[in-house]
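K.L.:
what would the 3D arrangement of this be:
(chains A and B)
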Amino acid sequence: MMLITFIFLIVGVKLVYLQIIEGRSLQAKALDQWTRDVPLTAMRGDICDCNGALLAGSNTTYTLYVRPNATTDKTLTATAIADVLGMEYEDIYEKVTKKGVSEVTIAKKVSKASMTALIERGVDGIYFGRDIERYYKYGNYLSQLLGFVNADGDGQAGLEGYYDEYLKGQDGKELTETDLIGRELSGDLSYLPATDGLDLYLTIDSTIQFVAENAVNSALSEYSAKSANCVVMNAKSGAILAIAQAPSFDLNHIDRSDVSALFAKMKLNAITSVYEPGSTFKIMTTAIALSLGVVSEKDRFYCAGGRVVDGKRIRCWRSIGHGSQSFAEGVQNSCNCVFMELAERIGVERMYDYFAAFGLTEKTGIDYMGETSSILLKKEKVKTVDAARIGFGQAIAITPLQLITATAAAVNGGNLVTPYLMQEIKDKDGRTVIRNYPAAKRRVISEKTSATVRSLLKNVVSLGSGKLAGVAGYSIGGKTGTAQKYEGGTIAAGKYVSSFIGFSTVEDPEYIVYFMVDEPQGYRYYGSLVAAPYVGKVFSEIFEYKAIAPTASTVEHSYGEMPDLVGLTAGNALKTLNAMGATYELSGSGGYVVAQYPERGEVINERSVFLITLSEE
Amino acid sequence: MVRADTAGAVSGALLPSFRPIEDKRRNFALIALTMILSLFGLVMIYSAGSYGAEKSVGDPFYYVKKQALALFVGTASMLFLSRVDPFRIKKLRYVILVISFVLLGIIFIPGVGVVSYGARRWIDLGFMTMQPSEIAKFGYVIYAASYISDHGLSRFKDIVSVLLPGALMSVLIMLEPNMSITMCLLSVMVFMLLAGGISIKKLILLLIPALLLIPALIMIEPYRLKRLMAFLDPWASPKAEGYQLIQSYYALCRGGLFGVGLFNSRQKYLFLPFAESDFIFSIIGEELGLTGAVVTIMLFIALIYFGFSTASKARTRFEALLAAGITSLIAIQTAVNLAVVTGCIPPTGLPLPFISAGGSSLVSFMSAVGVLLSINRQSSTRDNRNHKM
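P.N.:
Next up is the predicted model:
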């Protein structure tokens, strides 16, 4: 009796424990066995350009499953599938009659038409799951920026990765209540709909992007370079209009066999790599010096081909020197001596303060995965000689995007902006969910200083080394850059980074175009010759696309045919060029001209830039 | 208060005291409880078994029909036995015992015994199957009550006489095999000895070898050891030994306080094996919740209460022992079934009296209640002549 009573008591306690206390957690475990679910994949959002043109989209395909236990007439079902999908009846019949499985996958990537046709056949036991296939409209275009998704459709790299949260949506599922072996129970079907992803509208303008893509591709082949990169940004808002990089790869046919190679190809240099900016950085030195009032346009400098800093002589790029020149001429000539002196006048402390103000010590904050930031010497460790070199763009490494945003601040009236790629995110009904408003981070220099910087840079294009970036009839400002690459702490012979950064119009800068060729091969490696022409090309096509009218005469004054300078002494050749008022670059050293560009007989004009190769022979 | 000198005296340690209840009301309560439990069982068998029956034999009412027939036979048997003087049963004790052994033996004749789930437990009667062990356990109770009331348990020979047929039966039932009924029978044997007033010293001497026998039995059938361990952590083997218990838990947990409603079980969709028989209590817990489960247990407790009350009021020692033995069988089997379903003891296949699907079980339990009714009738009609209280 006691024992029986005791057992009843224990049973009672256990019942309370199972039914009340443990109830929920046990039920969670049980839920799996009570239902069979067919996944419903959410539609991934599209990626479009600023005009709504599709860049990346998704196709819906269907996966066909069969539940053998829910198929009443297996022959009928198998016949219907074989008919509609054009598959072998025997193979399907075998799957439909398979024992001991709840679901068998019959076919993947079934089209919607086939699915509808099968459903109309009215056979039972068949189920469809929705799958998403990602496609990129232009394939080998914007590849590094857009990125890609993995096999499961999750954003893995680039914007697909950065905005995955918004693009991916929420998968749903169709729950069917079944018995132990998967037979459906009547009337117990619950449907958790998939929430489709949101559409991403970029600041990228497809047309400008095409222009940039063409430019980087021809630059890559023209110079057999390691890479060619182009960025077009709205100088006032920070909206990125184009970002192209060659070589590229086809997003629709990604080779996933070598992941590290894939991610190396994915590296978007403009955002994720740092370079020594070279002379383009003189824009910063100019802006800082003007802002601090330590220089004026009329100040005069003297360049003897080099300058002694801390007892060490640092050469100007032009070994014979620029002689006496005004500050404006110094900028035009890109004279290193001028900028070494400016750096001294500015001083390390103030220089670094301004670097911080210009956003050169931090990431720009662009909405892209894997942005990197500059490499600067520690302020305490910067000696006068280092500061002098930084003044003309050496001993500092920054990302192209940092240079672009800092330059934008220098010329747009003095506001540092955050560059951005996402314009807005909309749902499938076209309602805006998130909108990106350009925001000025801070004012860095005054409106007046900015105007001075602009006019100085205009001269570079109209009169100096930036001539090839010019477009007849349009006002463009800019700066060339040619940096020697360092490898293992020493200068790597023959390896250059040639770049140009330009903006237009000078009076009211809207477009800022950066072009950089990494390791151009051959004797033409100057930014003025390699990068500047492509900036000019990009600008002229933007003007055409945007129907921007020229503000001056588009007629170019012809200088006639290019004379033959080869064999002349250096002195005579330069005399000839100077008489023409030509802008030229010198390569090699010695007393005689051994090569020239353009070739003899080519038509030259006031905007031509010449390259003379000297040798002792 | 239990008085040792009453004719129906059963060892005072075993039975609680009962308030005197008028015998007619006691009989009404016994009939009502039996019918309520059996009819409730019929409903639950339909709910728990219709899906499985439809899938396996194509008739959702398959189990219900069989159970309804058994309910009819059982009711008739109960009413008939309620009018049979227990002493006529006592006279037939050897006949009943022999019939029990014959039935248990017939199972082993090929073609007669039905093998199912690896056990040979049923006799095919053509229109229905019969489980001899269900009859035999009552046959033993009748025999033991008779013997003890005639000879007492003072001599060693008496103890052997009471135990020997039970032990033989146990061996036969064990050979089927049917561990759970064997354990029930062994428990009843112990109970009969205690009710007969055996001294605790002798009992302990007897129990020690019996307890040693349990591990031996487990060794003979190794799968039992695995099943034994499974109840401690069913999730260690969710697809094998632990499966049934996990499914029982899932059913109970889904029920909560008030259940998911009659006929709304999910676990009956073949997830829970033997949902209509051994594990029917899980479905009760799922559909009617803790409330329904507790009410069901209360009904059993009431039935057991009136059973023991019958024993304490019986006019003779034989009737008292018989009533106590019958009630103890009901109590033991109920307790063991509930303990199994809730995972308190290792799982064994044992039907829940009156409720689980199983014709033999229902008929024999109802018949047993009939005997209880008869004992009550005897005590009410002749009690006045027997003023030993």
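K.L.:
and the residue of the stretch 101-250 of chain B nearest chain A?
P.N.:
B:Y250 (3.9 Å; C-beta to the nearest C-beta). The C-beta positions use only the backbone N, C-alpha and C, and glycine is treated the same way.
K.L.:
so that residue versus B:Q267, what's the distance?
P.N.:
6 Å (C-beta to C-beta, to the nearest Å).
K.L.:
one step back: work out for me the element the residue of the stretch 101-250 of chain B closest to chain A sits within.
P.N.:
Using DSSP states H and E, B:Y250 sits in helix B:243-255.
K.L.:
up against chain B, what does the stretch 51-200 of chain A have?
P.N.:
Counting by C-beta under 8 Å from any C-beta of the partner chain, the stretch 51-200 of chain A comes close to chain B at A:177-181, A:183, A:185.
K.L.:
go again using 6 Å as the cut-off
P.N.:
Residues of the stretch 51-200 of chain A lying near chain B by C-beta under 6 Å from any C-beta of the partner chain: A:179-180.
K.L.:
now the strands for the stretch 51-200 of chain A?
P.N.:
A:54-66, A:104-110, A:126-136, A:172-178, A:184-192, A:199-202 (DSSP state E, counting those that start in this stretch).
K.L.:
buried residues in whichever helix or strand comes after the helix holding B:Y250, which are they?
P.N.:
Past helix B:243-255, further along toward the C-terminus, the next helix or strand under DSSP H and E is helix B:280-313. Judged by neighbour count (16 or more other C-beta atoms under 10 Å in any protein chain shown), helix B:280-313 contains these buried residues: B:280-290, B:292-294, B:296-297, B:299-313.
K.L.:
and the angle for helix B:280-313 with helix B:243-255?
P.N.:
Here helix B:280-313 points in a direction 90 degrees away from that of helix B:243-255 (axes from the mean of the first three to the mean of the last three C-alpha atoms, to 10 degrees).
K.L.:
averaged pLDDT, helix B:280-313. What do you get?
P.N.:
Across helix B:280-313, the average pLDDT comes to 94.
K.L.:
angle of the next helix or strand after that helix against helix B:243-255?
P.N.:
Going down the chain from helix B:280-313, the next helix or strand is helix B:317-341, by DSSP H and E. Using the same axes, to 10 degrees, the inter-axis angle of helix B:317-341 relative to helix B:243-255 is 90 degrees.
K.L.:
any buried residues in the following helix or strand past helix B:317-341, and which?
P.N.:
The helix or strand immediately downstream of helix B:317-341 is helix B:359-382, counting by DSSP H and E. Residues B:359-380 are the ones in helix B:359-382 that count as buried (16+ other C-beta under 10 Å).
K.L.:
do stretch B:25-41 as well
P.N.:
In stretch B:25-41, counting by 16+ other C-beta under 10 Å, buried: B:26-27, B:29-31, B:33-35, B:37-38, B:40-41.
K.L.:
for stretch A:48-60, same thing?
P.N.:
A:48-50, A:53, A:55-58.
K.L.:
and stretch A:168-184, by the same measure?
P.N.:
A:168-169, A:171-181, A:183-184.
K.L.:
please, which helix or strand holds A:G590?
P.N.:
Here A:G590 is assigned to no helix or strand, by DSSP H and E.
K.L.:
check the spatially closest residue to it that is not a sequence neighbour and give its pLDDT.
P.N.:
Closest residue to A:G590 apart from its sequence neighbours, by C-beta to C-beta, 6 or more residues apart in numbering or on different chains: A:E616 at 3.8 Å. pLDDT, A:E616: 77.
K.L.:
return the distance of A:E616 relative to chain B.
P.N.:
88 Å (C-beta to the nearest C-beta, to the nearest Å).
K.L.:
ok, B:Y250 and B:Q267, which is more surrounded?
P.N.:
For B:Y250 versus B:Q267, the count of surrounding residues by other C-beta atoms under 10 Å in any protein chain shown is larger for B:Q267: 29 against 23.
K.L.:
I'd guessed the more buried one sits against B:L252; true?
P.N.:
No. Counting by C-beta atoms under 6 Å, B:Q267 stays clear of B:L252, with 9.0 Å between them.
K.L.:
what do the two both touch?
P.N.:
Taking C-beta atoms under 6 Å, 6 or more residues apart in numbering or on different chains as the contact rule, B:Q267 and B:L252 have no neighbour in common.
K.L.:
so where does the closest residue to chain B within the stretch 301-450 of chain A fall, helix or strand?
P.N.:
With C-beta to the nearest C-beta as the measure, A:K428 is the residue of the stretch 301-450 of chain A nearest to chain B, at 36.3 Å. Of the helices and strands defined by DSSP H and E, none includes A:K428.
K.L.:
can you check the one 5 residues further on too?
P.N.:
Using DSSP H and E, A:V433 sits within strand A:432-435.
K.L.:
go on, B:L206?
P.N.:
Assigned by DSSP H and E, B:L206 falls in helix B:200-220.
K.L.:
give me the buried positions along that helix.
P.N.:
So helix B:200-220, judged by 16+ other C-beta under 10 Å, has buried residues B:206, B:218.
K.L.:
swap in stretch A:108-125?
P.N.:
So, applying 16+ other C-beta under 10 Å, buried residues of stretch A:108-125: A:110, A:114-115, A:118, A:123, A:125.
K.L.:
please compute how far it lies from its chain's middle.
P.N.:
Counting by C-alpha atoms, centre = their mean, to the nearest Å, stretch A:108-125 is centred 42 Å from the centre of its parent chain.
K.L.:
with only the CA atoms kept, save stretch B:181-190 in CSV.
P.N.:
These are the backbone C-alpha positions of stretch B:181-190, laid out as CSV (Å, rounded to 0.1, in the frame of the first residue of the first chain):
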residue,chain,number,x,y,z
ILE,B,181,3.0,-9.3,-16.2
THR,B,182,5.6,-11.6,-14.5
MET,B,183,6.7,-8.7,-12.3
CYS,B,184,3.0,-7.9,-11.5
LEU,B,185,2.4,-11.5,-10.6
LEU,B,186,5.5,-11.6,-8.4
SER,B,187,4.4,-8.4,-6.7
VAL,B,188,0.9,-9.9,-6.1
MET,B,189,2.5,-13.1,-4.6
VAL,B,190,4.4,-10.9,-2.1
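K.L.:
so it, near chain A or not?
P.N.:
No. Counting by C-beta under 6 Å from any C-beta, chain A is not contacted by stretch B:181-190; separation bottoms out at 8.8 Å.
K.L.:
pLDDT below threshold where in chain A?
P.N.:
A:1, A:38, A:186-189, A:554, A:556-558, A:617 (pLDDT under 70).
K.L.:
domains in it, by residue range?
P.N.:
A:37-202, A:206-555, A:557-617 (automatic domain parsing).
K.L.:
closest to B:L125 out of those domains?
P.N.:
domain A:37-202 (31.2 Å; C-beta to C-beta).
K.L.:
what lies in contact with stretch B:244-253?
P.N.:
With C-beta under 6 Å, 6+ apart as the criterion, stretch B:244-253 contacts A:18-19, A:23, A:26-27, A:30, B:231, B:234, B:238, B:267, B:271-273, B:279, B:282, B:285-286, B:341, B:343.
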